[in-house]
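Asker: Test case, fold it:
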Amino acid sequence: MNLQLNNKLVFISGSSMGIGRAIAEAMLAEGARVIVNGRRDMTNLLAELSRLGTVHGVQGDLSDPAQATKICSDIDAIGDLDVLVNNVGIFNPRPFADIEDIEWQSMFDANIMSTVRLCRHFFPAMLNRDFGRIINISSEAGMRGLESMVHYSMTKGAQIVIGRGLANLTKGSGKDITVNSVLPGPTLTEGVEKWLKESASVEDKTEAQFVSEFFQATEPTSLLQRFIRPEEIANIVTFLASPLASAINGASVRAEGGLIKSIG
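Answerer: Okay, the predicted model is just below:
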């Protein structure tokens, strides 16, 4: 299927690895021009991705206001942004009573304010043009309120609300501008894959055995009963970014493998 993304300019925050990198690869495969972002040197990343298409790198930490302002300026210097994917985020499992104020603030700055700063800069410009897409990579944790990461769940719920609020502002614009959130479930990122291998080894189990027991014990409602691959999330995001998805606006698209037992 031709997703009609050829030559569209896409920015993906936090795209040096995991879901963000998978989204970059999927967008490049559709002919989009992609801007990737990370806090560290991206020379190797750019070299690898450039084999797939036109890619630019913008380095910086979006949790810092000054760096966020520079990142926005660097993107503007490349061209008019068509698609904004708010993917950057941090998480840290912690007992609720042990989460100190500074940790709440750090989670808020990284996961929420990065989204706010980018949307505040690029959303008005999109409203003045004929096409625009904003996609927030939230999480099923934003709906479930995970007891192991209450502060993280709070930020992911906030992203969903921000997305819906901005979508409401597109009403009656007569333009192809949408704002949606994608809610991944447990995903096999590089960090999770490393943890999986180490944990299986410690328990003297195969990875398949460990995964099966993990989901039975911790995520029994999952219909997949496995970790989601980053490219599976990337495929959904790439479709939502396309002109073909113009009827989807203000939505929270669940990509959590069916672990939330509801039909809505």
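
Asker: okay, CA-based contacts and neighbour counts for the rest of this
Answerer: Will do.

Asker: buried stuff in stretch 187-203?
Answerer: 187-189, 196, 199-200 (16 or more other Cα atoms under 10 Å).

Asker: model confidence over that stretch, on average?
Answerer: Mean pLDDT, stretch 187-203: 90.

Asker: what's the closest of the buried residues of stretch 187-203 to Glu213?
Answerer: Ala200 (10.5 Å; Cα to Cα).

Asker: if I pick Cys119, what's in contact with it?
Answerer: Ile134 (Cα atoms under 8 Å, 6 or more residues apart in numbering).

Asker: pLDDT score assigned to it?
Answerer: pLDDT at Cys119 comes out at 98.

Asker: helix or strand for it, which one?
Answerer: helix 114-127 (DSSP states H and E).

Asker: Ok, Val253 next?
Answerer: strand 252-255.

Asker: helices or strands up against that strand?
Answerer: With contacts taken as 3 or more Cα pairs under 8 Å, 6 or more residues apart in numbering; DSSP states H and E, strand 252-255 sits against strand 176-184.

Asker: For the strand it packs on, enumerate its sheet partners and note whether each is parallel or antiparallel.
Answerer: strand 131-137 (parallel), strand 252-255 (parallel) (DSSP bridges).

Asker: And the ones you listed: which comes nearest Pro65?
Answerer: Between these, strand 131-137 lies closest to Pro65; by Cα to Cα that is 19.1 Å.

Asker: which outside residues touch that closest one?
Answerer: Here strand 131-137 has contacts from 81-87, 115, 119, 123, 126, 159-160, 163, 175-184, 237, 240-241, using Cα under 8 Å, 6+ apart.

Asker: Surely Gly89 touches Phe108?
Answerer: No: the pair Gly89 / Phe108 is not scored as a contact, 9.6 Å apart, by Cα atoms under 8 Å.

Asker: Hmm, Arg164 and Val253 touching each other?
Answerer: No: taking contacts as Cα under 8 Å, Val253 lies outside contact range of Arg164: 11.7 Å.

Asker: Give me the common contacts of the two.
Answerer: Asn180.

Asker: give me the number of residues near the nearest residue to Ile177 once chain neighbours are set aside?
Answerer: Spatially, and ignoring its direct neighbours in sequence, Ile177 is nearest to Gly132 (4.5 Å; Cα to Cα, 6 or more residues apart in numbering). As a burial measure, Gly132 scores 25 neighbours (other Cα atoms under 10 Å).

Asker: what does Ala77 give?
Answerer: 9.

Asker: any idea which residue of the protein is furthest from its center?
Answerer: Relative to the C-alpha centroid of the chain, counting by Cα atoms, centre = their mean, Asp204 is the outermost residue, at 33.6 Å.

Asker: check which helix or strand covers that one.
Answerer: Applying DSSP H and E, one finds Asp204 in no helix or strand.

Asker: quick one, phi psi at it?
Answerer: Taking degrees, to the nearest 10, you get phi 60, psi 50 for the backbone angles of Asp204.

Asker: what's the answer for Glu203, then?
Answerer: Dihedral angles for Glu203 - degrees, to the nearest 10 - are phi -90, psi 10.

Asker: what's the spacing between it and Phe214?
Answerer: 12 Å (Cα to Cα, to the nearest Å).

Asker: Once you drop chain neighbours, what's closest to Leu62?
Answerer: In space, Leu62 is closest to Ala68, 4.6 Å off (Cα to Cα, 6+ apart).

Asker: Give me the neighbour count for the one you found.
Answerer: Ala68 has 20 nearby residues by other Cα under 10 Å.

Asker: and it, helix, strand or coil?
Answerer: State at Ala68, reduced to three classes by DSSP: H, G, I helix; E, B strand; the rest coil: helix.
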